[in-house]
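Chemist: Using only what follows, build the 3D model:
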Amino acid sequence: MCRCARVLVCRGSVHLSGLSYLGIGLMLAGMFMYHQPDLIAARWAAWPGRGTPRRE
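Modeler: So this is what the prediction gives:
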């Protein structure tokens, strides 16, 4: 077994640690948020109680 950082390479297959998968997920979520801000803003505004401000 060879160890390089947090990636284990054994006979051609790559095994990632849980932290690696977490980092990949966060990176993909960040890329989505960066490229689709209008979609996120529209969904956020559509939530109940998050629309136009109410007068008191």
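Chemist: helix, strand or coil for residue 15?
Modeler: With DSSP: H, G, I helix; E, B strand; the rest coil as the basis, the three-state label of residue 15 is strand.
Chemist: what's the neighbour count on it?
Modeler: 11 (other Cβ atoms under 10 Å). (C-beta placed from N, C-alpha, C; glycine too.)
Chemist: Now do it, the pLDDT please.
Modeler: Residue 15 is assigned 84 on the pLDDT scale.
Chemist: ok, longest helix in the chain?
Modeler: helix 18-35 (DSSP state H).
Chemist: After that one, heading C-terminal, what element do we hit next?
Modeler: Going down the chain from helix 18-35, the next helix or strand is helix 37-46, by DSSP states H and E.
Chemist: tilt between that following helix and helix 18-35?
Modeler: Going by axes from the mean of the first three to the mean of the last three Cα atoms, to 10 degrees, helix 37-46 is angled at 90 degrees with respect to helix 18-35.
Chemist: Give me the packing partners of helix 37-46, helices and strands only.
Modeler: Here helix 37-46 touches no other helix or strand, going by 3 or more Cβ pairs under 8 Å, 6 or more residues apart in numbering; DSSP states H and E.
Chemist: Alright, calling it a day.
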